[in-house]
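**Student:** Quick one, structure for this:
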Amino acid sequence: MGNFLCFDLGTSKIKSAMVSDSGLIHYFSEESARTYDDGKLIYQKPDDYFNKVLEEVQKMRNKLPSEFKNVCCIICSGQMGGVLGIDKNWNVVFPWSYSVDRGYIKYLSDIEHRFGKEIRQKSGGAPTIAGKILWIRNEFSEAYEKIHKFLNLAGYVLGKICGLKASDAFIDYSCLTMTGLADIKNGIWNGRICNALGIDVE
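**Tutor:** Numbering: from 1, shown residues only. The predicted structure is shown next:
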């Protein structure tokens, strides 16, 4: 096949690699990820991650030109238990809010109380993303009104690299268990819970 450009967008580290289809590691690096605290919100900037990925791609291209010519795919993993919001032009209007910021916990607890059993049956994990969405809607309403789509870091970075339109924004299947809003078996959003929480499935 060829070589793979691999990125892991972690809470504390951003890891980058070029790996062959046989498992040979041509390149590896890691750098600390920065967290911000403005007194109201503890967050990370999605474009810090995007810019780092571009920087690492350029390094690999410069250091390993022949191997880079044989790149066939980009693979990106990353944090699951958080959410960010973009507008219709793929601009960040609410930064990456992850597990460090606990301001959403009362919303998470309320969702668990009301729908915990069904969520376990339909999507499995804690409804972290649902709790974050309600928290943003209620406590950051000005930003919420500008949000066209919610997604995670990997989806944001890959979508921006590929020039996706906001209407094509996605949350990877592997992260659905963190939403509390998915019917994973049937591959759809759980309309009943979304409606009860006032979350538009679009």
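
**Student:** can you give me phi and psi for residue 63?
**Tutor:** Backbone torsions of residue 63, given as degrees, to the nearest 10, read phi -80, psi -30.

**Student:** Name all residues that make contact with it.
**Tutor:** For residue 63, the contact set (C-beta atoms under 8 Å, 6 or more residues apart in numbering) comprises residue 27. Where C-beta positions appear, they are placed from N, C-alpha and C, glycine not excepted.

**Student:** Can you give me the buried ones in the one helix or strand residue 192 maps to?
**Tutor:** Using DSSP states H and E, residue 192 falls within helix 191-197. Buried positions in helix 191-197, judged by neighbour count with 16 or more other C-beta atoms under 10 Å: 193-194, 197.

**Student:** what does stretch 145-165 give?
**Tutor:** Those buried within stretch 145-165 under the rule 16+ other C-beta under 10 Å are 147-161.

**Student:** Equivalent analysis for stretch 17-26, please.
**Tutor:** Buried, per 16+ other C-beta under 10 Å, within stretch 17-26: 17-19, 26.

**Student:** for those residues, which one is nearest residue 143?
**Tutor:** Nearest to residue 143 out of those is residue 17 (C-beta to C-beta; 34.1 Å).

**Student:** and the closest one, helix, strand or coil?
**Tutor:** Three-state call for residue 17 (DSSP: H, G, I helix; E, B strand; the rest coil): strand.

**Student:** Include distance to residue 133 and pLDDT when you put the buried residues of helix 191-197 into TSV, please.
**Tutor:** Formatted as TSV, those follow (distance: C-beta to C-beta, whole Å; pLDDT from 0 to 100):
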residue	distance to residue 133	pLDDT
193	12	96
194	10	96
197	8	97
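
**Student:** Nearest the middle, which residue of the chain would you pick?
**Tutor:** residue 152 (1.5 Å; C-alpha atoms, centre = their mean).

**Student:** residues touching that one, list them.
**Tutor:** By C-beta under 8 Å, 6+ apart, the residues touching residue 152 are 78-80, 82-84, 96, 171-172, 175.

**Student:** per-residue pLDDT, it?
**Tutor:** With respect to pLDDT, residue 152 has a value of 94.

**Student:** for the protein, what spans make up the helices?
**Tutor:** According to DSSP state H, the chain carries its helices in the segments 46-63, 65-68, 105-122, 128-139, 141-144, 153-162, 191-197.

**Student:** The fourth one to helix 105-122, inter-axis angle?
**Tutor:** I take that to be helix 128-139. 150 degrees (axes from the mean of the first three to the mean of the last three C-alpha atoms, to 10 degrees).
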